[in-house]
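Engineer: Sequence and predicted structure below; questions after.
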Amino acid sequence: MEITSANFTELLESGAPLVVDFWAEWCGPCRMIGPMVEELAAEYDGRITVGKCNVDKERDLPTKYSIRNIPTLLFFKDGELADRHVGALNRADLKAKMEALLG
């Protein structure tokens, strides 16, 4: 799912856990974790909303959340920022962060 300023507020206000992957096409680490993020999005479908925000196309959200390095993953629970991870991470660590949103 593509996350933009147009749909972000609605997703956040839904109350469902939300993971936003801030990325860019030219970013090697972003391309490295992209498939893993997509796999886990499918695994948690219906429980956690997972989307990607392209920092080259979308300026407002990266500015609002002070995204200075990519990849950056933001984890929202109950409409509030619950966790943040900057840089690549392995599948087990990402899955643990997603499980924490459900707990």
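Structural biologist: Perfect, thanks for sending it.
Engineer: quick one, strands of the chain?
Structural biologist: Using DSSP state E, the strands of the chain run over residues 18-23, 49-54, 72-77, 80-86.
Engineer: Now mean neighbour count too, for the ones you listed, in a markdown table please.
Structural biologist: (Each C-beta comes from the backbone N, C-alpha and C, glycine too.) Below are these laid out as a markdown table (neighbours: other Cβ atoms under 10 Å):
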| stretch | mean neighbour count |
| --- | --- |
| strand 18-23 | 23 |
| strand 49-54 | 20 |
| strand 72-77 | 20 |
| strand 80-86 | 13 |
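Engineer: Just give me the longest helix of the protein.
Structural biologist: When the chain is scanned for its longest helix (criterion: DSSP state H), the result is helix 28-43.
Engineer: any idea how far it is from the chain center?
Structural biologist: In this view, helix 28-43 has its centroid 10 Å away from the chain centroid, taken as Cα atoms, centre = their mean, to the nearest Å.
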